[in-house]
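J.: Curious how this folds, go ahead:
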Amino acid sequence: MTLKAPARIPGLRLRAFMGEAAPQSQPRAAGNTDFRVSSGGNCHCFRPVRQARMSDRDRGPRFRRVSQPRGDGRAGKAGNRKSPRGRGSARNGRREAGADEPAILYGWHTVTTALANPRRTIRRLLLTENAARRLADENIDTRIIPEIVRPATIDQRLGPDAVHQGLLAEADPLPSPDIDTLAQEGIVLVLDQITDPHNVGAIMRSAAAFAVKAIVTTARHSPEATGVLAKSASGALELVPLVLVQNLARALTELNDRGFMTVGLDSAGGEDLAAIPLRQPLALVLGAEGKGLRQLTRETCSAVARLDMPGDIKSLNVSNAAVLALYIGASRLGLMR
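T.: Take a look at the predicted model:
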């Protein structure tokens, strides 16, 4: 029997056999279909295996990654650098990194405010294409050559829950001024072992809004000025000096000696903050949630006041209490104008 092959179909290959296995041909090109014709004249086709088109994602970023030469103090690659206790130290902003490790800054406001701060040394800058384009559109100087990366690269560094908006910077920590250099005017905040980086960051953001002159806190039992704290502060790290002291009671004594009115805020305070006479320079002292002010801190303050509430709940989150205390203090001192 003579078997007539069907007409040639462009892009397809025809393979016929008469009861025997077809000879092995050249490897099939992706996207072709093999046809086999049996002795009964039936044509059997097999599903083609098409090669997936290469996407832009597979081709890699359109920008070349630019790597800066790294000297002393420079961190390694974003996805590979490890702290002594793992990535958690950079992610949660706790004081776990060594003093010579860079501050990790991420998020639009945090990074752009740092870029605008001449006192902040930027060591490395990772940007996504969209973030780089936005910086260019808003004429924001990156100061150093950035590395253009995919969002996943920053995700791997910070963790999946970090809202980085396509920006991550490694920078030198800002220097801590001495307490005796603080201006004897306005309001200063003092934090007594507040360890949650979200709370401290929110307090710093409020402090910047109320033009607070500085925030005084202990070098130990306080979060590192990096990571989550920096993100929660939303740029306030660049605007409000952070004074680190070894002994808070001694620092309060020094503030008292320099003419500051030091007022501790505690639910057991004798008077409402809105009712006591206030004067500049004023230092408002906040304690940790739950524990409140430590006894020695309370005894060192020149006054201890409470924040009266009209509702059934009489206590506030420490960052909210800071906002209320700052508003009362700034209003009473005539600093809201």
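
J.: wait, Ser234 sits on Val111?
T.: No. Assessed by CB atoms under 8 Å, Ser234 is found out of contact with Val111, at 10.7 Å. Heads up, the C-betas are built off the backbone N, CA and C, glycines and all.

J.: Comparing the two, which residue is more hemmed in?
T.: Remark: of Ser234 and Val111, Val111 carries more neighbours, 29 against 17, as counted by other CB atoms under 10 Å.

J.: Quick check: that one vs Pro102, distance?
T.: 13 Å (CB to CB, to the nearest Å).

J.: Need the residues touching each of these two.
T.: Here Val111 and Pro102 share no contacting residue, scored by CB atoms under 8 Å, 6 or more residues apart in numbering.

J.: Where does Leu286 fall, secondary structure wise?
T.: If you go by DSSP states H and E, Leu286 is part of strand 282-287.

J.: what are the pairing partners of that strand, and which direction each?
T.: strand 187-192 (parallel), strand 261-265 (parallel) (DSSP bridges).

J.: now it: how far from the chain's centre is it?
T.: Chain-centre distance of strand 282-287: 27 Å, with CA atoms, centre = their mean, to the nearest Å.

J.: which other residues reach it?
T.: Counting by CB under 8 Å, 6+ apart, 186-194, 203, 216, 252, 255, 260-266, 293-294, 297, 301, 318, 321-322, 325-326, 329, 333 sit against strand 282-287.

J.: now the residues you listed: which count as buried?
T.: Buried members of the contacts of strand 282-287, scored by 16 or more other CB atoms under 10 Å, are 186-194, 203, 216, 252, 255, 260-266, 293-294, 297, 301, 318, 321-322, 325-326, 329, 333.

J.: that older thread, make a markdown table from the strands paired with strand 282-287 and add distance to Gly166 and mean pLDDT to it.
T.: Below are these laid out as a markdown table (distance: least, CB to CB, whole Å; pLDDT from 0 to 100):
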| stretch | distance to Gly166 | mean pLDDT |
| --- | --- | --- |
| strand 187-192 | 31 | 98 |
| strand 261-265 | 39 | 97 |
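
J.: what's the closest of these to Asp155?
T.: strand 187-192 (31.2 Å; CB to CB).

J.: just how off-centre is the closest one within its chain?
T.: 24 Å.

J.: Also stretch 145-159?
T.: Computed by CA atoms, centre = their mean, the separation of stretch 145-159 from the middle of its chain amounts to 12 Å.

J.: quick check: mean pLDDT across it?
T.: Averaged across stretch 145-159, the pLDDT comes to 95.

J.: Please shift the residue numbers so they start at 615 in all later answers.
T.: Sure, I'll start numbering at 615, so the last one becomes stretch 759-773.

J.: what about dumping the CA coordinates of that stretch to PDB?
T.: Only the C-alpha atoms of stretch 759-773 are listed here, as PDB (Å, rounded to 0.1, in the frame of the first residue of the first chain):
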ATOM      1  CA  ILE A 759      26.300  56.000  42.600                       C
ATOM      2  CA  PRO A 760      23.300  53.700  43.500                       C
ATOM      3  CA  GLU A 761      22.900  50.000  42.800                       C
ATOM      4  CA  ILE A 762      19.800  49.200  40.800                       C
ATOM      5  CA  VAL A 763      18.300  46.000  42.100                       C
ATOM      6  CA  ARG A 764      15.000  44.100  42.000                       C
ATOM      7  CA  PRO A 765      12.600  44.500  44.900                       C
ATOM      8  CA  ALA A 766      13.300  40.900  45.900                       C
ATOM      9  CA  THR A 767      16.900  41.800  46.700                       C
ATOM     10  CA  ILE A 768      15.800  44.400  49.300                       C
ATOM     11  CA  ASP A 769      13.100  42.000  50.600                       C
ATOM     12  CA  GLN A 770      15.800  39.300  51.200                       C
ATOM     13  CA  ARG A 771      17.800  41.800  53.200                       C
ATOM     14  CA  LEU A 772      14.900  43.300  55.300                       C
ATOM     15  CA  GLY A 773      12.300  40.500  55.500                       C
END
